[in-house]
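Visitor: Sequence plus the predicted model coming up.
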Amino acid sequence: QVQLVESGGGLVQAGGSLRLSCAASGSTFSTYTMGWFRQAPGKEREFVARISWRGAGTYYADSVKGRFTISRDNAKNTVSLQMNSLKPEDTAVYYCAQSPVAAPSDVGGYPYWGQGTQVTVSS
C-alpha cells in the first residue's frame with residue numbers, strides 16, 4: 001500500500017523560505033512521477049510542480065516558476081519542494097502526490113496522496 005508523508009510546513013514571513021519533504025513507501029518509487037499540489041481555503045486543489053521518475057524533467061505552475069524547485073532522491077524515496085521568496089498567496093495546505101502516468105499536471109492523474117502540510121505566509 002502506497003503511503004506518502006509530508007513534512008516541513010510552517011509559518012514564515014513573506015520573502016522567506018521553506019523546504020517541504022515527502023517520504024514515500026509501498027511502491028517502486030523510482031518509477032513514478034511525483035507532484036506537489038496545494039489547496040487554499042475555499043479554493044480547488046491546484047498543481048504546483050512535478051518531477052519525472054528520473055528527475056530529469058520538471059514542470060512548474062506559472063505562479064511558482066522561478067521561486068520553487070522540486071527535486072527527488074530515488075535512493076531515499078523522497079521528493080522535496082524548496083520554496084523561496086514566499087508570498088502570502090502561497091498560503092495553503094501542500095500535498096505530495098504520486099502517479100504512474102508519465103506527465104500529469106491535473107489532480108485526477110494522481111491516485112496516491114499524502115495527508116498534506118500547512119504552509120502559512122504572513123505579510
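Guide: Everything's here; your move. Remember, it's a predicted structure, so these values are computed and weren't measured experimentally.
Visitor: Give me the neighbour count for the residue lying closest to Val119 once chain neighbours are set aside.
Guide: Distances taken as C-beta to C-beta, 6 or more residues apart in numbering put Gly9 closest to Val119, at 4.8 Å, once the chain neighbours are dropped. The C-beta positions use only the backbone N, C-alpha and C, and glycine is treated the same way. For Gly9, the count of nearby residues is 19 (other C-beta atoms under 10 Å).
Visitor: quick one: Gly9 from Val2, how far?
Guide: Separation of Gly9 from Val2 (C-beta to C-beta, to the nearest Å) stands at 21 Å.
Visitor: what bridges to the residue nearest the centre of the chain?
Guide: Nearest residue to the geometric centre of the chain (C-alpha atoms, centre = their mean): Trp36, 2.2 Å. Beta-bridge partners recorded for Trp36 (DSSP bridges): Ala49, Cys96.
Visitor: and it, what does it touch?
Guide: 20, 22, 48-50, 70, 79, 81, 94-97 (C-beta atoms under 8 Å, 6 or more residues apart in numbering).
Visitor: so what's Val48 closest to, chain neighbours aside?
Guide: Trp36 is the one closest to Val48 (C-beta to C-beta, 6+ apart), at 4.3 Å.
Visitor: wait, doesn't the residue nearest to Val119 sit right on Gly114?
Guide: No. Counting by C-beta atoms under 8 Å, Gly9 does not reach Gly114; the two are 11.2 Å apart.
Visitor: Just to be sure, Gln115 is in a strand?
Guide: No. Looking at Gln115 with DSSP: H, G, I helix; E, B strand; the rest coil, it is coil, so not inside a strand.
Visitor: State the distance from it to Ala56.
Guide: Gln115 is 29 Å from Ala56, by C-beta to C-beta.
Visitor: repeat for Arg50
Guide: With C-beta to C-beta as the criterion, Arg50 and Ala56 are 12 Å apart.
Visitor: and what of Glu89?
Guide: From Glu89 to Ala56 the distance is 30 Å (C-beta to C-beta).
Visitor: Based on its surroundings, how many neighbours for the residue nearest to Tyr94 when sequence neighbours are not counted?
Guide: Take Tyr94 and drop its neighbours on the chain: the residue closest to it by C-beta to C-beta, 6+ apart is Arg38, 4.9 Å away. Arg38: 24 surrounding residues under other C-beta under 10 Å.
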